[in-house]
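Chemist: Here's my sequence, what's the structure:
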Amino acid sequence: MVGKIKYMTKKEITSIFLWQNGLLILLGIGIIFISTGILNWLGQISFDWTGAIYGLILGIGLGSLNVWLDRLLPERVTDDGGLNQLIFHNRKLLDIFLLCCLIGVAEELVFRGIIQFYFGFWASVILFVLVHFRYLIKVYLLFNVIITSIIIAGLFQFSNQNLIAVIIFHIVFNFIGALDMRNRYQNKGGVARG
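Modeler: Model (predicted):
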């Protein structure tokens, strides 16, 4: 996967993310319509902004811990094959933030708002981990994505199925990590151009 992406421009990489997450959102909306209808689903999902504060605090705390561990551990343990470097190298802050927002909304709509809502805690955890297959290649990355998935699923469950809380957590967690990657890779070589 990384081999093919090495020769893509930033615009092409961004396009892949937009398509992938756009399809996730459409899939999620389709499943909601087919299963119970959007109005019934909206009535059962919490959008409480008070719970979102917990998502924000947890996202900042765990995102910062993740950055600290990534800097503490050797790169051979934390490297995902160079994909994160290709994605975040020389990217503008607004681009990073918008990508994190898109990913947070799409993934949490599907994994917590649909999979966990209809199929339960462990189904959402396992599928979330499997979708992040590039993190399955190393023990630390696998452990990291499993723990993160359990924390997000737990936040959704303990916040009375608050979709806003998990979306905010996901955006903040990803944004902190992405900013750190951008800063670390800023002066390194890279191939994401344009």
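
Chemist: I'd like to check what contacts stretch 167-187. Which residues are they?
Modeler: 52, 55-56, 58-60, 62-64, 66-67, 70-71, 84-85, 87-91, 93, 96-97, 99-101, 103-105, 107-109, 148, 151-152, 155 (Cβ atoms under 8 Å, 6 or more residues apart in numbering). In short, each C-beta sits where N, CA and C put it, glycine included.

Chemist: out of those residues, which are buried?
Modeler: 52, 55, 58-59, 62-63, 66-67, 70, 84-85, 87-89, 91, 96-97, 99-101, 103-105, 107-109, 148, 151-152, 155 (16 or more other Cβ atoms under 10 Å).

Chemist: What segments of this protein are helices?
Modeler: All helices of the chain, identified by DSSP state H, fall at 2-5, 10-35, 38-44, 49-72, 75-78, 83-88, 93-110, 117-119, 121-131, 139-158, 163-185.

Chemist: Would you tell me which one of those helices is buried the most?
Modeler: helix 163-185 (a mean of 22; mean count of other Cβ atoms under 10 Å).

Chemist: Per-residue pLDDT of the closest residue to I167 other than its chain neighbours, please?
Modeler: Nearest non-adjacent residue to I167, counting by Cβ to Cβ, 6 or more residues apart in numbering: E108, 4.6 Å away. Looking at E108, its pLDDT is 91.

Chemist: For E108, list the residues it contacts.
Modeler: 152, 156, 163, 166-167, 170.

Chemist: could these be laid out in TSV, adding distance to R182 and pLDDT?
Modeler: Converted to TSV, the contacts of E108 look like this (distance: Cβ to Cβ, whole Å; pLDDT from 0 to 100):
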residue	distance to R182	pLDDT
I152	23	96
F156	28	93
L163	28	90
V166	24	94
I167	22	93
H170	18	96
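
Chemist: before we move on, back to that, distance-wise, check the residue nearest to I167 relative to A165.
Modeler: In this view, E108 and A165 are 9 Å apart by Cβ to Cβ, to the nearest Å.

Chemist: Give the residues shared as contacts by the two.
Modeler: Taking Cβ under 8 Å, 6+ apart as the criterion, E108 and A165 both touch F156.
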